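Peer 1: Next one to model:
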Amino acid sequence: MPESLTRAVRWSASLRWDGAVGALLIVLLLLSFSTVDGFGNALNLSFLIGNTLPIALIALPMTLLVVSGEIDLSVASTAGLSGAVMGALWNQGMTIEAIIPICLLLGVVCGLINGLLVTRLGLPSLAVTIGTLAAYRGIAQIVLGSDAVTDFPTQYLDFAAGRVGDTFVPQAFLPFLVLLAIAVVALHATPFGRSLFAIGANEEAARFAGIRVKRQKLILFTVTGLMASLTGIFWALHYASARYDNATGLELSVVAAVLLGGIDFDGGKGTLGGAIAGVFLLGALQNVMSLQDVSAQSQIVVTGVLLVLSVLGPRVARQIAVARAGRRAASAPTSSLSSPS
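Peer 2: Prediction:
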């Protein structure tokens, strides 16, 4: 079967997977509204969205990174380091307005380190970010120790945990929608986004086509570090606690949600809409399990199973679609020869 047809079939299968995840999210919400006590009240819905926002924030750059064929497993540690530095500086008497830019710059540095190790030294991103995952978390513990800083200014705590009027919509969800719109345009409506798909599909071909692969990837790692740091700031304010172990394990949820949304781990395929659908599907499922008193350990098991299924599902769907297209292509000449003239 021609390679162009194979790619088209695989892309179509990916889109169908995205639609299936979106449909599954709608079904889960409808069932939860009708069968789970307390799910539909404004306070719970606000908790659901607020607790999902840290995953969603990091999922934006992570989607672009995975599309390009890379991954960053240090995002949760970067978030924890950002929160630890925030708490330590607050204890030193600095203002929040001065602390936040410092923490964001720290995230840029963490992402830049990851990007330089991958793009300049040619190291695999999986191995690099497993290493920096441990390093950044260790630095966070050195910076803040076992202390918990909780006395941040009320107006910032209210913004991170408050709602818009009497609605269930968290105030922090509105800036997220702006970031989401920027990410959608960047990935799906700009030459930069198209270059990421090209890099993920075939890095050598992208390089020969004139795409500056190393620079693009370095930008992605840097932006991912920035967004992880922003997530660390939000986490500390939303939960009113800055600790070195904030966001521990968050990288598993981010990767599971992104892959569940149809982003191919090998790169070059997927949509940001599918990734965000995966994020909120995972968030809604965790919320329902919490309302049903499912233990935290069992929730981790479910997340792990979803991670495996999210890798296998799109691949199986594409293989089936390619096989069907191949059979149709093979039978087409026979059909045309046997048809009456």
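Peer 1: ok, so what distance separates I102 from Q286?
Peer 2: 32 Å (Cβ to Cβ, to the nearest Å). Bear in mind the C-beta positions are built from the backbone N, C-alpha and C, glycine included.
Peer 1: Just to check, A172 is in contact with Y156?
Peer 2: No. Using Cβ atoms under 8 Å, A172 is not in contact with Y156, being 10.7 Å away.
Peer 1: what about the two, which has more around it?
Peer 2: For A172 versus Y156, the count of surrounding residues by other Cβ atoms under 10 Å is larger for A172: 20 against 17.
Peer 1: what's near enough to touch the more buried one?
Peer 2: Residues near A172 by Cβ atoms under 8 Å, 6 or more residues apart in numbering: G50, L53, F159, A160, F234, H238.
Peer 1: Next up, identify which helix or strand the second one is on.
Peer 2: This points to L53. Per DSSP states H and E, L53 falls inside helix 42-67.
Peer 1: Following element in sequence after that helix, please.
Peer 2: helix 75-91.
Peer 1: Let me see the confidence value for the closest residue to A275 other than its chain neighbours.
Peer 2: What sits nearest to A275 in space, not counting adjacent residues and going by Cβ to Cβ, 6 or more residues apart in numbering, is G261, at 3.8 Å. If you check G261, the pLDDT there is 87.
Peer 1: Distance of the residue nearest the centre of the chain relative to T119?
Peer 2: By Cα atoms, centre = their mean, the mean C-alpha position of the chain lies nearest to A59, the distance being 1.8 Å. Counting by Cβ to Cβ, the separation of A59 from T119 is 22 Å.
Peer 1: Compute the distance between the residue nearest to A275 and T63, please.
Peer 2: As judged by Cβ to Cβ, G261 and T63 stand 8 Å apart.
Peer 1: residues shared between the contacts of the two?
Peer 2: G270, A275.
Peer 1: And the helices in the stretch 151-300 of the chain, which stretches?
Peer 2: In the stretch 151-300 of the chain, helices defined by DSSP state H, counting those that start in this stretch lie at 154-161, 173-188, 191-201, 203-208, 213-238, 250-260, 272-291, 296-338, listed in chain order.
Peer 1: from those helices, which stretch is densest packed?
Peer 2: When those are scored by mean count of other Cβ atoms under 10 Å, the highest mean neighbour count falls to helix 250-260 (a mean of 26).
Peer 1: name the helices or strands packed onto that helix?
Peer 2: Packing partners of helix 250-260 (3 or more Cβ pairs under 8 Å, 6 or more residues apart in numbering; DSSP states H and E): helix 42-67, helix 75-91, helix 272-291, helix 296-338.
Peer 1: Tell me how far the third one lies from the chain's centre.
Peer 2: Read that as helix 272-291. Taking Cα atoms, centre = their mean, to the nearest Å, one finds the center of helix 272-291 at 12 Å from the center of the full chain.
Peer 1: so that helix versus helix 173-188, what angle?
Peer 2: Compare the direction of helix 272-291 with that of helix 173-188 by axes from the mean of the first three to the mean of the last three Cα atoms, to 10 degrees and you get 140 degrees.
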